[in-house]
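> fold the following, please.
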Amino acid sequence: MQGLVDLGCIAEASRLTSLNLAFNSLVSAAPLASLTGLTSLNLSHNKLAAFGKTLSSLSALTYLNLSHNPVLNVSGVAACTGLQELWLQGTRLGSPADLQPLTALTSLARLVITPSALSKALPPEQLRSTLIAKCSGLQVWYTHHCWSSHHTSPLQYAAW
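Next up, the predicted model:
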């Protein structure tokens, strides 16, 4: 089963606040740009590699799941300043520089990055110094531990 491949008519649903498009075959999220009232968006398990300015218009988002997409760049996420939870595991982000746009997300409370190329390439110490220091209260789900800005040692990973 292929699932959705086109979101052409989604612009008519301008009052949506929550949208789950997980497990489809989407290659573009551009039609979502008109859904400025979205607070929760799940795009996991699609074929999305880039978002262009789509995410920039979704400033009301508090939850965003981009997991298991071939995502290479999250620069558009920086405009989602109210974002509290971001899922990036299973993406193609692979260097600390890829997370730089996230430093603008001062409301971010949970970042899930494992498993991904990024979690393998980024030592926890570097993650703490570059991201956690800028996001008060942030928990990062990293390998089998959760790094928190309130603790200097890892918290045990909790499955939910």
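> is there a neighbour count for Leu58? I'd like the number.
By other Cβ atoms under 10 Å, the residues close to Leu58 number 25. For every residue, glycine as well, the C-beta is placed using N, CA and C.
> phi, psi of the closest residue to it other than its chain neighbours?
Excluding its sequence neighbours, the residue lying closest to Leu58 (Cβ to Cβ, 6 or more residues apart in numbering) is Leu38, at 5.5 Å. Backbone torsions of Leu38, given as degrees, to the nearest 10, read phi -60, psi 130.
> need the contact list for Leu38.
Leu38 makes contacts with Leu16, Thr17, Ser18, Leu19, Leu32, Leu58, Ala60, Leu61, as judged by Cβ atoms under 8 Å, 6 or more residues apart in numbering.
> again, only using 10 Å
13-14, 16-19, 32, 57-64, 80 (Cβ atoms under 10 Å, 6 or more residues apart in numbering).
> all helices for the protein, in order.
Per DSSP state H, the chain carries helices over the ranges 117-121, 124-130.
> ok so, going back, from Gln100, how far off is the residue nearest to Leu58?
24 Å (Cβ to Cβ, to the nearest Å).
> from Lys47, how far off is the nearest residue to Leu105 once chain neighbours are set aside?
Of all residues not flanking Leu105 in the chain, Leu83 sits nearest, at 5.2 Å (Cβ to Cβ, 6+ apart). Relative to Lys47, Leu83 is positioned 23 Å away (Cβ to Cβ).
> pick out whichever of those two has more residues nearby.
Comparing Leu83 with Lys47 by other Cβ under 10 Å, the one with more neighbours is Leu83, at 27 against 13.
> that one contacts Pro101, correct?
No. With contact defined as Cβ atoms under 10 Å, Leu83 does not count as touching Pro101 (11.1 Å).
> which neighbours do the two share?
Leu55, Val77.
> circling back: let's see the pLDDT reported for the residue nearest to Leu105.
Leu83 carries a pLDDT score of 94 in this model.
> looking at stretch 25-43 now, give me its mean pLDDT.
Stretch 25-43 shows a mean pLDDT of 94.
> so the residue positioned nearest the centre of the chain bridges to which residues?
In the chain, the centroid-proximal residue (Cα atoms, centre = their mean) is Leu86; its distance is 3.7 Å. Taking DSSP bridges, one finds Leu64, Leu111 as the beta-bridge partners of Leu86.
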